[in-house]
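Trainee: Have a look at this prediction, sequence included:
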Amino acid sequence: MNRQKYPRKEYHKGFITYPLYLALFLCFLPMQPACVSTGTTQSGYPLPLKDNTEPAKEKGKYSPFPDNKGKDRERFAILSLSDNLENGAVSCFSLFELSIELDAWIGNPYDPGDTGVYALFRAPDGTEKEIPGFFFVPYHCRIQDSFEILSQSGNGYWKIRFTPRIPGNWQYLVKAEQGEKKSALPWKSFKVTEKKDPGFISKKNQAGRYFRFESGMTYIPVGSNVSWYDNRGMKAYELWFSKMAENGANYARIWFAPWGFAQEWKDTGLGNYALRQKEAWQLDCLMELAEKYNIYLMLCFINHGQFSTGTNPEWDRNPYNILNGGMLKNPRDFLTDAGAKRYFKRRLRYIVSRWAYSTRIFSWELWNEINLADNMYNPENLVPWIREMTGYIEEIDPYDHLISSSSSLAVKGDEPEWQYLDYLQIHKYNTENWAPYLNRTILRILGVTGKPILVGEFGMQGNFIDPLGIHFHNGMWASLFSGSAGTGMLWWWDTYIDPDNLYYHYKGISSFFKDEVRTIGEMEPLERKQYEKMNLYFLKSKNRILCWIQDKTYSYKGFMEKAFGAGLENVSYKKITNSTIEFENILPGVYRIEQWDTQTGKLLMVKEKEYTGTAIVEVRSFTGDTALKLIKME
């Protein structure tokens, strides 16, 4: 999306609200719209967040800059080692964490070229894997007047985070390096116990159009963008994630935005993350919340504005800018400059070493909408950069997380960058009838690529009025029923979904697909089928058919047309009654027929019937939309 906290900002390509809808908006101006833009400047940028860092009570007690304990510079050594084990054990797919203090180290602790800390882990089968450490600064959080207040609670030290994937007796060796100086501790052991857990979502497990856990179970992302926090800090994420999880959502997209979780910006310079350790600690907290609420995260490394002088420009504050002490005279050189690539890889290494351990990381994302950055969306420079960076991440990420990227351009499916990425993304705004658009678009792309597709962003812009969340609802259902690997991911989480309390839209689709995680990989999406009053969308396999039935007027466009005639407060939908659906070319046998409420996720009707080749199914009366399952009995 071409904004930061851009509240329903008019689209950069010049989207113009239809005069009919503008007139409608003006007619009902006294009414509260679905969203009121707050907390932003006229340019659409977020207002500066309240500084929620509490100074130490004793001046100089703790510093964000590391404190070297040693006086004798020649005595570089590992001073102490501790772990998070309980009774010497940790379970599979759980965090094993080491804390290490060094004596007499020098230089930048965020530069592994100055000081490197590692652990070599030996699995029960004898295989070994080296895991790099990272420098960590502890913080303490307290809540005051619903706001998060953070204070540094100690001096920094190194941590190593590792997630074992198989049970048994493990060993590890911790070592540290500083130039020619080296220090190591003797081998130690710990036990890993069995745990029922689906494991990581990784490229090793990926097959076909869908994402898979190590257990082989399909992961179907249901959620939205939740890309940064407000002045409540992690308290905001606690609220958002709890409401999402309560309604069955399991996905969120997070940005490393300069006003959020970014490790470096103008205030830090390049390659030293000391002044952004508060944000790193907050992301640690977010990982814990993701585990608590079973939310899987896409982490986006770069938002377009950081390298733009035109669309949501932030280049003047970018640390890569030569005017801020960097090495680049213009943004486009970020893709080719050797120094810039070296610093970006250092940041990737820090991110991977600190957060890759989490099974709740669904994917890394290189860019948000790179075409909106200055002169970067050209294959000559972009494709080699993507190849190099994905190769580097694959080299340093021991858990093989998925990698993607995005643009706001129409996706064909054969763009050269996708060959180095694990799945494709669609970002699309301002379509008034989402279901037929997504059906056409996703099916067209699937005809070109065999990789998964995710609708990473969608929604309306400007002063749209949709208090029922119809476009939100339809974008989710249409995406999955057209062959997307997950629901469409709406953008407006903090200015629309949350204030209008639209979380319930997750409930229906998550409930409907809950039992399809082992079968959806065998299903194929079909083109929309039109009846007089209804649009039908299908996922079909040999023994199973899923069908989403949509009232043709149940769309954002239909809502606005009804509102223009009757007024917003009088919009209603008539029940569709006495309808039948014909399923052709099915195997003979007894079928279980289910009808679902797409809003509540409740099962409305269950019956069994025998069919020989064509099934004529009576549909109970519904309003807006409903969904069916036709399941062949064994």
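Mentor: Everything's here; your move.

Trainee: how close does the nearest residue to G521 once chain neighbours are set aside sit to E365?
Mentor: In this structure, G521 finds its nearest non-sequential neighbour in Y210, 5.2 Å apart by CB to CB, 6 or more residues apart in numbering. For every residue, glycine as well, the C-beta is placed using N, CA and C. Y210 is 18 Å from E365, where distance means CB to CB, to the nearest Å.

Trainee: The residue nearest to G521 contacts M523, doesn't it?
Mentor: No: applying CB atoms under 8 Å, one finds Y210 not in contact with M523, separated by 9.5 Å.

Trainee: Show me the helices in the stretch 251-400 of the chain, by range?
Mentor: 277-293, 338-355, 379-396 (DSSP state H, counting those that start in this stretch).

Trainee: and Y210 and E365? which has more neighbours close in?
Mentor: Using other CB atoms under 10 Å as the criterion, Y210 and E365 rank with E365 on top: 23 against 20.

Trainee: who's in contact with the more buried one?
Mentor: Taking CB atoms under 8 Å, 6 or more residues apart in numbering, we find E365 in contact with R253, M298, L299, C300, F301, I403, S404, S405, S406.

Trainee: Count the neighbours of the residue nearest to it when sequence neighbours are not counted for me.
Mentor: Nearest residue to E365 in three dimensions, chain neighbours excluded: C300, at 4.1 Å (CB to CB, 6+ apart). Here the count is done by other CB under 10 Å, and C300 has 25 residues near it.

Trainee: and of the helices of the stretch 251-400 of the chain, who's closest to E180?
Mentor: Closest to E180 of the helices of the stretch 251-400 of the chain, according to CB to CB: helix 338-355, at 21.3 Å.

Trainee: What is the closest one packed up against?
Mentor: strand 128-132, strand 134-136, strand 157-162, helix 277-293, strand 296-303, helix 379-396 (3 or more CB pairs under 8 Å, 6 or more residues apart in numbering; DSSP states H and E).

Trainee: Determine which stretch of those is the most buried.
Mentor: strand 296-303 (a mean of 24; mean count of other CB atoms under 10 Å).

Trainee: Could the C-alpha coordinates of that one be exported in CSV?
Mentor: In CSV, the C-alpha atoms belonging to strand 296-303 read as follows (Å, rounded to 0.1, in the frame of the first residue of the first chain):
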residue,chain,number,x,y,z
TYR,A,296,1.7,-16.6,12.1
LEU,A,297,3.7,-13.6,10.9
MET,A,298,4.9,-12.3,7.6
LEU,A,299,7.8,-10.0,8.5
CYS,A,300,8.5,-7.3,5.8
PHE,A,301,12.0,-5.9,5.8
ILE,A,302,11.6,-2.7,3.8
ASN,A,303,8.6,-0.5,3.1
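
Trainee: and it, what does it pack onto?
Mentor: Checking 3+ CB pairs under 8 Å, 6+ apart, strand 296-303 ends up next to strand 251-255, helix 277-293, helix 338-355, strand 361-368.

Trainee: Columns distance to G391 and mean pLDDT on top of those, output as a markdown table?
Mentor: Listed next are these as a markdown table, based on distance: least, CB to CB, whole Å; pLDDT from 0 to 100:
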| stretch | distance to G391 | mean pLDDT |
| --- | --- | --- |
| strand 251-255 | 23 | 98 |
| helix 277-293 | 25 | 97 |
| helix 338-355 | 11 | 98 |
| strand 361-368 | 12 | 98 |
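
Trainee: circling back: which among the helices and strands packed on helix 338-355 is found nearest to N321?
Mentor: For these, the distance to N321 is smallest for strand 296-303, at 14.2 Å, taking CB to CB.

Trainee: For R440, see how far away R528 is.
Mentor: For R528, the distance to R440 - CB to CB - is 8 Å.

Trainee: Between the two, tell me which one has more neighbours.
Mentor: Between R528 and R440, counted using other CB under 10 Å, the more crowded position is R528 (20 against 13).

Trainee: Who's the closest spatial neighbour of that one, skipping the chain neighbours?
Mentor: In space, R528 is closest to N439, 4.9 Å off (CB to CB, 6+ apart).

Trainee: can you give me the offset of the helix or strand where the one you found lies from its chain's centre?
Mentor: Per DSSP states H and E, N439 falls inside helix 434-446. Taking CA atoms, centre = their mean, to the nearest Å, one finds helix 434-446 lying 22 Å from the centre of the chain it belongs to.

Trainee: begin at 47 from here
Mentor: From this message on, residue numbering opens at 47, which makes the last subject helix 480-492.

Trainee: and F236, which of the three is it?
Mentor: Of the three states, F236 takes strand under DSSP: H, G, I helix; E, B strand; the rest coil.

Trainee: Next up, the contacts around it.
Mentor: D129, L131, G134, A135, V136, F142, N215, W216, Q217, Y218.

Trainee: May I have the beta-bridge partners of it?
Mentor: F236 forms beta bridges with W216, as assigned by DSSP bridges.

Trainee: do you know how far it is from A165?
Mentor: Taking CB to CB, one finds F236 at 11 Å from A165.

Trainee: swap in S453?
Mentor: Distance from S453 to A165, by CB to CB: 38 Å.

Trainee: what does R395 give?
Mentor: Distance from R395 to A165, by CB to CB: 15 Å.

Trainee: cool, and P158?
Mentor: 14 Å.

Trainee: So these two - more neighbours on which side?
Mentor: A165 (22 against 19).

Trainee: any idea how far the more buried one is from F353?
Mentor: According to CB to CB, A165 stands 35 Å off from F353.

Trainee: for N547, same thing?
Mentor: Distance from N547 to F353, by CB to CB: 36 Å.

Trainee: Compare neighbour counts for these two and give me the winner.
Mentor: F353 (27 against 9).

Trainee: isn't the more buried one right next to P377, touching?
Mentor: Yes: assessed by CB under 8 Å, F353 is found in contact with P377 at 3.8 Å.

Trainee: Please identify which of the helices of the stretch 297-446 of the chain is closest to G670.
Mentor: Nearest of those (CB to CB): helix 323-339, 28.3 Å.

Trainee: what does that closest one contact?
Mentor: 99, 110, 182-185, 187, 196, 198, 202, 275, 279-280, 283-284, 287-288, 290-291, 298, 300, 306-309, 319, 341-343, 400-401, 404-406.
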